[in-house]
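Participant: Pasting the sequence and the predicted coordinates here, then a few questions.
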Amino acid sequence: MYLPHSVPLLLSIFLLLVLLIPCLTFAQVCQRNCGKQILKYPFGSGPGCGDPLFQPHVSCSQQKLTLTTHTGSYLVTSIDYSNQVIYISDPTISTCSCTLPSKGFGLDWNAPFTFHDSTIFALLDCSINSSSICTTQSYDINDGNNSNSNSNSKLLCDQSTPICSLLYSCKPISTINLPISTCCVYEPVNLGPSFEMDLQKLQCPSYTGFYNFDEGESDPENWNYGIALKYKFSVTDDYPNSCSACEKSYGVCGYNGAYNSFICNCPNGINTTTDCYFTSSYNNGFRNGIAWLIYPMAWTLVWFFL
């Protein structure tokens, strides 16, 4: 029997594809890590991953998890999933090692975050006439205007705390050469209804933020500088049962469609509305079944043409 020269080549290509079929899998779109940071609900590695309420605010870019607000982007240094707290760093925060000029920090009003009770802000080098250090009247930190309202959104500066004297014992801060009375501490943090600290309007060129003294309250060099933020899943703050089942089956919680419906993105790339146990067994069974069907056909064709 005469065979065209291209037939053996076609058979070889066909056989190669057949052998590769059982190994083909789709990549999981939603990742379980962003760099060294473990990702769990409600955070996701990209659009369609995690909770749609959190996606515009916390994202993974170049293997770095960042929180973005109208005042800038901030690196997420760690996440405490048990207590629903994220810790971020602000590159413009002054510490015991250096003082930096800053415009302040603010949260987007629609972001699912509030300041954790452990967070403390201290405004530094404030003008003597600054509204932030005038304790005889109540001022709004957002606009510096005098207010007769007793609303809880109004911040009162605390100058009696030892935090200011401890901060001014740091060499970089002590070189400011201004009295400790120009330091203003807000604890617990409350930035009013707009969640914003405008240092320019407050006439304070820099600030520092820290949390959890870790038994080193008297040593500002060892304070945890940064900002701790509390987050909530929803109004009821219940962890979704569907998401819990998804993560236990090595899936990643996500969403799709016009109504942001829940999906479970599985390791084999398949999306389900439940978990990944069925898709894993189905995918393995399907691949094995295809292999048992195609292997005999492939070898029959090889022997027939040889």
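Facilitator: That came through, no problem. Fair warning: this is a prediction, and the values are worked out from it, not measured in the lab.
Participant: Contact partners for the closest residue in space to Tyr186 that isn't next to it in sequence?
Facilitator: Leaving aside its chain neighbours, Tyr186 sits nearest to Phe121 (4.7 Å; criterion: C-beta to C-beta, 6 or more residues apart in numbering). C-betas here are computed from N, CA, C, even on glycine. Counting by C-beta atoms under 8 Å, 6 or more residues apart in numbering, Phe121 makes contact with Val185, Tyr186, Glu187, Val189, Met197, Tyr207, Thr208, Gly209.
Participant: Make sure Phe121 is indeed in a strand.
Facilitator: Yes - counting by DSSP: H, G, I helix; E, B strand; the rest coil, Phe121 is located in a strand.
Participant: What distance do you get for it to Ser127?
Facilitator: Counting by C-beta to C-beta, to the nearest Å, the gap from Phe121 to Ser127 is 17 Å.
Participant: repeat for Gly35
Facilitator: Counting by C-beta to C-beta, the gap from Gly35 to Ser127 is 41 Å.
Participant: again with Ser169
Facilitator: 22 Å.
Participant: So which elements touch the helix or strand hosting Phe262?
Facilitator: Secondary structure from DSSP states H and E places Phe262 in strand 261-265. Applying 3 or more C-beta pairs under 8 Å, 6 or more residues apart in numbering; DSSP states H and E, we find strand 261-265 packed against helix 241-248, strand 252-256, strand 271-272.
Participant: Which among the contacts of Phe121 count as buried?
Facilitator: Val185, Tyr186, Val189, Met197, Tyr207, Thr208, Gly209 (16 or more other C-beta atoms under 10 Å).
Participant: Could you count how many residues lie near the closest residue to the fourth one other than its chain neighbours?
Facilitator: Think Met197. Distances taken as C-beta to C-beta, 6+ apart place Gly104 nearest to Met197, at 4.0 Å, with adjacent residues excluded. Number of residues near Gly104 (other C-beta atoms under 10 Å) recorded here: 22.
Participant: Would you agree Gly104 falls within a strand?
Facilitator: No - the assignment for Gly104 is coil, going by three-state DSSP, so no strand is present there.
Participant: give me every residue that touches it.
Facilitator: Going by C-beta under 8 Å, 6+ apart, the list of residues near Gly104 reads Thr71, Glu196, Met197, Asp198, Leu199, Gln200, Leu202, Tyr207.
Participant: now it: how far from Asp117?
Facilitator: In terms of C-beta to C-beta, Gly104 sits 20 Å off from Asp117.
Participant: Now the residue nearest the centre of the chain, what are its backbone angles?
Facilitator: Per C-alpha atoms, centre = their mean, the C-alpha nearest to the average position across the chain is that of Val58, at 4.2 Å. Dihedral angles of Val58 (phi, psi; degrees, to the nearest 10) stand at phi -120, psi 120.
Participant: hmm, back to that, please identify the deepest-packed of the helices and strands packed on strand 261-265.
Facilitator: strand 252-256 (a mean of 22; mean count of other C-beta atoms under 10 Å).
Participant: what helices or strands is it leaning on?
Facilitator: helix 241-248, strand 261-265.
Participant: Quick one: mean pLDDT over the shortest one.
Facilitator: Confidence for strand 261-265, expressed as mean pLDDT, is 94.
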